[in-house]
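> structure for this input, please:
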Amino acid sequence: MEHKEIEKITYILNQKNKYFRIATGGHIALKEYMYSIKKFDFFCGFSIGTDIVIPERNPAKNLEIIWLENIKQLINEKVNYSITITFDSDFNLSKLVLFLQNNTKPDFVTLSEIHGKSIPSEKIAGATKLISNSLGVKVLYGYRN
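I've put the predicted structure just below:
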């Protein structure tokens, strides 16, 4: 969506007293959106995906730079945000968690599965413990098969 479309939708949500978050992959600069949206009383923050910063999923470093800049701006402007991890065996979770520990301060983390790829409960439990202990935040469950 373009900035004007997002602003129109968020304006309507705010007028109807509906709480809302905006989900993004983090590969588009949020600065323009952040200043206009954070003024809304019912805006609860951004949910930022992690696929951009997982080398196995995205080898483009320029997008990682945008992602990191977004996180810095959210922290500096005191805008609430969470991190969304789409969990699978195609990447090193410990490496991602260390990266997040060094670069982020999310309010919480959402852990989701990839559609059609069920993760065993013991792996989800281990991932939850690693994330929670390392980042010191609550882990919520998103999409599960």
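
> show me the shaky parts of this structure.
Within the chain, the ranges that satisfy pLDDT under 70 run 1-3.

> give me the most central residue, it.
I48 (2.0 Å; Cα atoms, centre = their mean).

> that one should be in a strand, yeah?
Yes. Under DSSP: H, G, I helix; E, B strand; the rest coil, I48 sits within a strand.

> now it, nearest residue through space, not along the chain?
Excluding the flanking residues, the one nearest I48 by Cβ to Cβ, 6 or more residues apart in numbering is G26, at 4.6 Å. C-betas here are computed from N, CA, C, even on glycine.

> so what's that neighbour up against?
I48, G49, T50, I52, V53, I66, W67, N70, I71 (Cβ atoms under 8 Å, 6 or more residues apart in numbering).

> circling back to that earlier point, hmm, the residue nearest to the centre of the chain is touching N70, no?
Yes. The criterion here is Cβ atoms under 8 Å, and I48 meets it with N70 at 6.8 Å.

> what is in contact with those two at once?
By Cβ under 8 Å, 6+ apart, I48 and N70 have these common neighbours: T24, G26.

> so where do the strands sit in this structure?
Ranges of strands within the chain are 20-24, 43-49, 81-87, 108-113, 138-141, based on DSSP state E.
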